[in-house]
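Participant: starting from these lines, generate the structure:
(2 chains)
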Amino acid sequence: MSRDLLSEVRRVAADVFAVDAKALGAASSPEQVATWDSVQHLNLVLALEGKYGIQFEPEEMERMKNLGAIALLLGTKLS
Amino acid sequence: MPIEIRPFSAEWRQAVRQFNGRLDEANVAPGMRLPEDPQTEMLPASESYLAVEEGVVRGGYTLRPQQFSFRGEIRPVAHYRLPVSEGPIDKRYALVGSLLLRSALQKEPLLYALGMGGFEQPLPRMLQAMGWGLSPVPFYFRVVHPARFLRKIRAARVSRWRAALMDFAASTGIGWLGIHATQRSRTRWGGRVPRKEVGEFGAWADEIWEDSHRAYGMVAVRNSEVLQQLYPASSARFLRIQVGAAGWAVMLDTAMHDDPYFGDLRVGTIVDCLAKPVDAAKVIRSARIYLEQRGVDLIISNQGHPAWTEALRADGFFNGPTNFVFGASPALCALGVADRHINRGDGDGPVHL
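Facilitator: Predicted structure coming up:
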């Protein structure tokens, strides 16, 4: 996954979860981020879809377990 | 491993029981459980789906297809029912909620949700984020026995001071006088209306359906066939009145026990009803008098259409706070949901009443 894409995902996630982007990494997941609940997960998905003009399918959303996985998925969709 | 959405078939019953057991252990609200038998839904053709990870259930939802009339045009719509996720008790599964919703929308873009416990709950917040239209279904009540109401209504006795005041009003008769005087002054005289208690819905209900559904922007099909399924003649729980050729109402008469809102009051509910909007007042008045004559302490109703809320107001009902929310998917909103006739007969039906 490109480092730039992961950085962007971290930045969007930081905005959605109202945390410092520096506190987020590829392994960041709902278990580690207190404000990452089901509603905020959806807001993250919608924010990324809006930013990149894409839509994630349910089969793709099944794999979104941490920010690294989300960035990987995003890279696949954009390429 | 990824989480997959699968249809709920019989071999998953044990896994669903285990899922529900984990929610029980975590003291999740009792109503939020997956059905343990895929065949127990109110209407036929309901389909339940599970979110499964390596053979373990992590959530699920049910789609209950229904026919709705949109000013006379009949279209299939589905009720997005009881989405439940392990996310609230195990944050590893925070993604399940949005996965369930996306899966449901992919299967049926014309979706509605109903109830949901209020706008601040996670599901309505997720629906709003997804561009759904959300609106409250107004709640109305009329007090029949003011002294019992003042002593027993839990929802209003929220502080010791307020409870003491209500006890005083009940014991001195001030409450009786005040409530009756106010309701009487708010009730518009509507004259006699023919009313007949009926045990089941027949061809007369089909005539009322044909006469009335085109007047509504959106109304679930309520012909005799559907009404027999929703309110079967074999169930003594449902009270049914036919109001001449104008309309009908389905009601409940429930003796509550230690209910968080109603304490031990005997509550009459106008659950469901149908008539042309211009005849709504006749049906509400008939239903109210019927329940009063049965001896209930309090009569309540949730109604979404202006003709029915106006009919309740004109019959002396008070407007109260509601946590009953109607949500329509973007595709359903585009079809037109203004002027919708929605009440407690829709969605899950009259549960908790």
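Participant: residue B:199 - how many residues pack around it?
Facilitator: By other Cβ atoms under 10 Å in any protein chain shown, 11 other residues sit near residue B:199. All C-beta spots, glycine's among them, are computed from the backbone N, C-alpha and C.
Participant: contact partners for it?
Facilitator: B:233, B:240 (Cβ atoms under 8 Å, 6 or more residues apart in numbering or on different chains).
Participant: from residue B:193, how far off is it?
Facilitator: Counting by Cβ to Cβ, to the nearest Å, the gap from residue B:199 to residue B:193 is 20 Å.
Participant: kindly report the same for residue B:62.
Facilitator: From residue B:62 over to residue B:193 the distance is 39 Å, taken as Cβ to Cβ.
Participant: shouldn't residue B:30 be within a helix?
Facilitator: No - per DSSP: H, G, I helix; E, B strand; the rest coil, residue B:30 lies outside any helix segment and is coil.
Participant: pLDDT wise, what is it at?
Facilitator: We have a pLDDT of 84 for residue B:30.
Participant: next up, phi/psi of the residue lying closest to residue B:72 once chain neighbours are set aside, please.
Facilitator: Setting aside the residues directly before and after it, residue B:72 is nearest to residue B:214 in space (Cβ to Cβ, 6 or more residues apart in numbering or on different chains), at 4.0 Å. Dihedral pair for residue B:214: phi -70, psi -10, per degrees, to the nearest 10.
Participant: which residues does residue B:214 contact?
Facilitator: Per Cβ under 8 Å, 6+ apart, neighbours of residue B:214: B:69, B:71, B:72.
Participant: list the buried ones in the helix or strand bottoming out on mean pLDDT in chain A?
Facilitator: Across the helices and strands of chain A, mean pLDDT, DSSP states H and E gives its lowest value to helix A:58-61, namely a mean of 86. Counting neighbours by 16 or more other Cβ atoms under 10 Å in any protein chain shown, one finds that the buried residues in helix A:58-61 are A:58, A:60, A:61.
Participant: how about residues contacting it?
Facilitator: Helix A:58-61 is contacted by residues A:45, A:73, A:77, B:2, B:5, B:95, B:98, B:99, B:102, B:103, B:106 when judged by Cβ under 8 Å, 6+ apart.
Participant: let's see 6 Å
Facilitator: Helix A:58-61 has contacts (Cβ atoms under 6 Å, 6 or more residues apart in numbering or on different chains) with A:73, B:99, B:102, B:103, B:106.
Participant: roughly how far is that helix from the heart of the chain?
Facilitator: Distance, stretch centre to chain centre, for helix A:58-61: 13 Å (Cα atoms, centre = their mean, to the nearest Å).
Participant: ditto for stretch A:60-74
Facilitator: Computed by Cα atoms, centre = their mean, the chain-centroid distance of stretch A:60-74 equals 7 Å.
Participant: of residue B:62 and residue B:193, who's got more company?
Facilitator: Neighbours per residue, other Cβ under 10 Å: of residue B:62 and residue B:193, the larger number sits with residue B:62, 23 against 17.
Participant: residue ranges for the helices of the stretch 201-350 of chain B, please.
Facilitator: B:203-212, B:224-230, B:280-294, B:306-314, B:330-335 (DSSP state H, counting those that start in this stretch).
Participant: okay, those, which one's buried deepest?
Facilitator: helix B:280-294 (a mean of 22; mean count of other Cβ atoms under 10 Å in any protein chain shown).
Participant: what residues does the stretch 101-250 of chain B put near chain A?
Facilitator: B:102, B:103, B:106, B:122, B:125, B:126, B:129 (Cβ under 6 Å from any Cβ of the partner chain).
Participant: for PyMOL, write the select line for the buried members of the residues you listed.
Facilitator: Buried subset of these, written as a PyMOL selection, criterion 16+ other Cβ under 10 Å:
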select buried, chain B and resi 102+103+122+125+126+129
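Participant: just how off-centre is stretch B:70-79 within its chain?
Facilitator: Distance of stretch B:70-79 from its chain centroid, counting by Cα atoms, centre = their mean, is 19 Å.
Participant: and stretch B:210-217, how far out from the chain middle?
Facilitator: Distance, stretch centre to chain centre, for stretch B:210-217: 21 Å (Cα atoms, centre = their mean).
Participant: mind telling me which residue of the stretch 201-350 of chain B is nearest chain A?
Facilitator: Residue nearest to chain A within the stretch 201-350 of chain B (Cβ to the nearest Cβ): residue B:330, separated by 12.6 Å.
Participant: that residue touches residue B:130, doesn't it?
Facilitator: No - with contact defined as Cβ atoms under 6 Å, residue B:330 does not reach residue B:130; the gap is 7.6 Å.
Participant: what strand or helix carries the nearest residue to residue B:51 once chain neighbours are set aside?
Facilitator: What sits nearest to residue B:51 in space, not counting adjacent residues and going by Cβ to Cβ, 6+ apart, is residue B:59, at 4.0 Å. Secondary structure assignment for residue B:59, by DSSP states H and E: strand B:56-70.
Participant: distance between the ends of stretch B:317-332?
Facilitator: 31 Å (Cα to Cα, to the nearest Å).
Participant: phi first, then psi, for residue B:20.
Facilitator: For residue B:20, the backbone dihedrals are phi -60, psi -40 (criterion: degrees, to the nearest 10).
Participant: buried ones in stretch A:31-49, by neighbour count?
Facilitator: Buried residues in stretch A:31-49, counted by 16+ other Cβ under 10 Å: A:33, A:36-48.
Participant: so which of the residues you listed belong to helices?
Facilitator: A:38, A:39, A:40, A:41, A:42, A:43, A:44, A:45, A:46, A:47, A:48 (DSSP state H).
Participant: how close does the fifth one get to residue B:290?
Facilitator: To tie it back to what came earlier, the one meant is residue A:42. To residue B:290, residue A:42 is 45 Å away according to Cβ to Cβ.
Participant: ok, now the first one?
Facilitator: When distances are taken as Cβ to Cβ, residue A:38 and residue B:290 turn out to be 44 Å apart.
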